[in-house]
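*Asks:* Just to be clear, the model below is a prediction. Sequence and coordinates:
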Amino acid sequence: MAHLEVVNELTLRAHFDSKDILHTKTGSMVGFQGELDFSKELIGPGKNVIGAALKQFIRRMTCENMQLTKVTPKKKNSVGYFAFKSKHVTVINLADKETIAIESENLLAFTNTCKYGVMFIPLGTISQKGLATSTLTGPGQVAIVTEGNPIAFSGPCVIDPDCLVAFCGPQPILNFDLSWKMIIPGQKSGETYSMRFKSEENLVIIQPYERISGVNISMDGGNSGSRPSDQTDMDEDN
């Protein structure tokens, strides 16, 4: 399989043998040496056409759709470079049958030995990330991108859903901080919900960046779970 490594934190380098295949985020190629062929994957990776088409349909219906490009070497020892919006790149090595759930926006590339699938995450509707998330099962390598350097937690732990990038192990449960303060302007904490990973088997990856999302249930019009308003926000409102 192709070998993945990080270059200068912001770029993924892939070393190809003669028959390696790499699946990448469409438009992420920034350069290559040797000869590589790029083809759009119309229904996603998978040897079973019907199964791949069904998974593609599910991803579209659950807002977890991601355009992928298949990269195939035409020449041995070719090297490809991939990046996305100057985001930090991390390579994850998956053991045989080890599965990781990844937000599609954070997925940069994965080797052909990984099995690509979909996991339903109803909790995603709270943070407006959709009803499902992408899954990859090893053996193989996966490259992710994050806003800033990622942080990894071992379970049990609690995280902000809007910072979640990926996790291994059992699914989390959602905690709500619902009280009278939620409906009174200026009294909410800005942290009204969280994800709790209870198992020691959990490995959770977050980014030091909070997506703009959440549920509007307070009187001041703010999004619960979004970043607290600052002076700039107040000036714009006025």
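*Replies:* Received it, and whenever you're ready, just let me know what you need.
*Asks:* where do the helices sit along the protein?
*Replies:* In the chain, the helices defined using DSSP state H lie at 49-61, 231-237.
*Asks:* Least reliable of those helices by average pLDDT, please.
*Replies:* Mean pLDDT is lowest for helix 231-237 out of the helices of the chain, coming in at a mean of 43.
*Asks:* And the protein, what are its domain boundaries?
*Replies:* 1-126+135-146, 149-228 (automatic domain parsing).
*Asks:* Can you get me the start-to-end distance on the first one?
*Replies:* So that's domain 1-126+135-146. End-to-end span of domain 1-126+135-146 (Cα to Cα, to the nearest Å): 24 Å.
*Asks:* quick revisit: comparing the domains of the chain, which yields the minimum mean pLDDT?
*Replies:* domain 149-228 - the lowest mean pLDDT of these, at a mean of 73.
*Asks:* Wait, Asn175 touches Phe197, no?
*Replies:* No - taking Cβ atoms under 8 Å as the contact criterion, Asn175 and Phe197 are not neighbours in contact, 11.1 Å apart. (Glycine included, C-beta is placed from N, CA and C.)
*Asks:* Same drill for those two, tell me which one is more crowded.
*Replies:* Set Asn175 next to Phe197 and count neighbours by other Cβ atoms under 10 Å: Phe197 wins out with 24 against 13.
*Asks:* tally of neighbours for the nearest residue to Cys114 once chain neighbours are set aside?
*Replies:* Counting by Cβ to Cβ, 6 or more residues apart in numbering, Cys114 lies nearest to Gly140, which is 3.7 Å off, once chain neighbours are set aside. Using other Cβ under 10 Å, Gly140 has 21 neighbouring residues.
*Asks:* Tell me what Gly140 is bridged to.
*Replies:* Leu94 (DSSP bridges).
*Asks:* I figured it hits Ala109, correct?
*Replies:* No - with contacts defined as Cβ under 8 Å, Gly140 does not count as touching Ala109, sitting 10.6 Å away.
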